[in-house]
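*Asks:* Just need the structure, nothing else, for what follows:
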Amino acid sequence: DIARRVAESVNGRMFSLFAPALVDDPQLRDLLMADSNVKAPLELVRASQVALIGVGTTGPNSTLLETGVLSDFEMQALRAKGAVGDILARFFDAEGRPVDSALNGRVVGLELEDLKSIPTTILVAGGEDKVKAIFGALRGGYVTDLITDETSAKHLLELERSEAVAN
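*Replies:* Take a look at the predicted model:
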């Protein structure tokens, strides 16, 4: 509903992707990715000039964890590999590098690299629990613009300064 209202407010059109974010079987994922009902909306996104996205965390408040898309075990394994956040169920570390995981072969959707070809990618995220994920998304170059709250912005600047001092 939010996407529809945003599209209407800018005289745009909303296209839906009717597929789960994550499936159990990589073969099913491949079949879905080849289906025109999935392929066409993803191609539209890749050709977009602007994308508005959010970021998830690997903490206990993770939406993927709370909704049961991922199990505690899967999330712990991602954290053990250094994951700090996700965009579109694609996990990355604090430097923004994609985290290698068996989950990658089960995600129905864009790759993180696809975001880099969109001229304007706006990340809307805030809250202390998302600061590391926001930082990783910025470091990875997946977003061009950030809309956040003042507290998160201050924490992000502190992280950047501490990284600069460490180097």
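*Asks:* avg pLDDT for the lengthiest helix in the chain?
*Replies:* Ranked by residue count, the top helix of the chain under DSSP state H comes out as helix 150-166. Helix 150-166 comes out with an average pLDDT of 90.
*Asks:* Show me what it packs onto, helices and strands only.
*Replies:* helix 131-139 (3 or more CB pairs under 8 Å, 6 or more residues apart in numbering; DSSP states H and E). (C-beta placed from N, C-alpha, C; glycine too.)
*Asks:* I'd like the next helix or strand past the helix it packs on.
*Replies:* strand 145-147 (DSSP states H and E).
*Asks:* can you give me how far that following strand is from the chain middle?
*Replies:* 14 Å (CA atoms, centre = their mean, to the nearest Å).
*Asks:* got the contact list for the residue lying closest to L70 once chain neighbours are set aside?
*Replies:* Leaving aside its sequence neighbours, L70 sits nearest to L64 (CB to CB, 6 or more residues apart in numbering; 4.5 Å). Neighbour list for L64: 21-22, 56, 70, 75, 86, 89 [criterion: CB atoms under 8 Å, 6 or more residues apart in numbering].
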